[in-house]
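[1] Based on what follows, work out the 3D shape:
(one chain, ligands or ions: 2)
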Amino acid sequence: MDKEKIATAVRMILEAIGEDPDRQGLLDTPKRVANMYEEVFSGLDKDPAVHCQTVFEEPHEEIVLVKDIQFSSMCEHHLVPFIGVAHVAYLPKNGQVIGLSKLARIVDDISKRPQLQERITKSVADLLMKELDPIGVMVVIEAEHMCMSIRGVKKQGSKTITSAVRGEFKTNNKSRSEVLALINR
Ligand SMILES: Nc1nc2c(ncn2[C@@H]2O[C@H](COP(=O)(O)OP(=O)(O)OP(=O)(O)O)[C@@H](O)[C@H]2O)c(=O)[nH]1
Ligand SMILES: [Zn+2]
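    Numbers count the residues shown, from 1 in each chain. Ligands and ions are numbered 1, 2, ... in the order given. Predicted structure coming up:
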């Protein structure tokens, strides 16, 4: 990531809004913002598939759900955050279970990019289907978009919920309902 370029651009933005980038309080701001962008866009040079290599042999053939995985991402339209939780469920096949923390790491890597909530939801589900080859995957994400709360329509507290349903969870209403009940309990 070109942090020098980000800092130069931030200095230009400060000038453009009529601020003095050389006043005491703003002197380090371009550098700080560059460091922040490096952090919030750190997923751009990561391959979340690597996390799918940590699998264990365990004959568990029922639902595995990690819920309330906190995440934050940056809306690609306004470059302001959206913040919320992801719930990731899957049905293991052939006794192949993935390390639980890896589900959260996948959500993180995919979130830390300029994103849309729908794309994060779909990307997590598709990655798990491809790499883990489970019987089913279901991803539900709930988030508040700052671009809807601090500006524009200014609807603070509104939540956007997206889901991506694959395999058994798509074809079997009962399995899908079971995951939803576990998420909502
Ligand atoms: N589908 C989807 N839309 C998003 C997401 N994040 C932000 N948006 C929307 O992107 C849209 C961009 O709309 P535009 O009309 O191009 O931009 P704008 O004039 O800033 O829109 P307003 O937010 O309505 O003021 C807005 O409706 C946002 O709410 C997301 O993750 N998914
Ligand atoms: Zn936005």
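
[2] I figured residue 89 hits residue 69, correct?
    No: shown here, residue 89 and residue 69 do not form a contact pair, counting by CB atoms under 8 Å, at 11.3 Å. In this view, the C-beta of every residue, glycine as well, is placed from N, C-alpha and C.

[3] So which of these two has more stuff around it?
    Comparing residue 89 with residue 69 by other CB atoms under 10 Å, the one with more neighbours is residue 89, at 27 against 21.

[4] Give me the secondary structure label for that one.
    Three-state assignment for residue 89 (DSSP: H, G, I helix; E, B strand; the rest coil): strand.

[5] From ligand 1, how far out is it?
    21 Å (CB to the nearest ligand atom, to the nearest Å).

[6] now swap in residue 19 and tell me
    For residue 19 relative to ligand 1 (CB to the nearest ligand atom), the value is 22 Å.

[7] SS state for that residue?
    Per three-state DSSP, residue 19 ends up coil.

[8] Which residue comes closest to it once chain neighbours are left out?
    Closest residue in space to residue 19, ignoring its immediate chain neighbours: residue 26 at 6.4 Å, by CB to CB, 6 or more residues apart in numbering.

[9] Could I get the buried residue list for the longest helix belonging to the chain?
    In the chain, with assignment by DSSP state H, the single longest helix is helix 117-132. By neighbour count on 16 or more other CB atoms under 10 Å, the buried set for helix 117-132 is 117, 119-125, 127-129, 131-132.

[10] neighbours around residue 149, how many?
    The number of residues near residue 149, taken as other CB under 10 Å, comes to 16.

[11] do residue 168 as well
    By other CB under 10 Å, neighbour count at residue 168 equals 19.

[12] Repeat that for residue 107.
    Neighbour tally, residue 107, other CB under 10 Å: 28.

[13] check contacts around it.
    69, 71, 86, 88, 120, 124 (CB atoms under 8 Å, 6 or more residues apart in numbering).

[14] Tell me if I'm right that the fourth one and residue 63 touch.
    No: using CB under 8 Å, residue 88 is not in contact with residue 63; the gap is 11.0 Å.

[15] Compare those two (neighbour count), which wins?
    Shown here are residue 88 and residue 63; by other CB under 10 Å, residue 88 has more neighbours (26 against 17).

[16] how close does the more buried one sit to residue 81?
    Note on residue 88: its distance to residue 81, by CB to CB, to the nearest Å, is 21 Å.

[17] before we move on, what about residue 107?
    Using CB to CB, we find residue 107 at a distance of 15 Å from residue 81.

[18] tell me which residues of stretch 153-173 are tucked away?
    So stretch 153-173, judged by 16+ other CB under 10 Å, has buried residues 162-169.

[19] now swap in stretch 21-31 and tell me
    Of the residues in stretch 21-31, those buried (16+ other CB under 10 Å) are 29-30.
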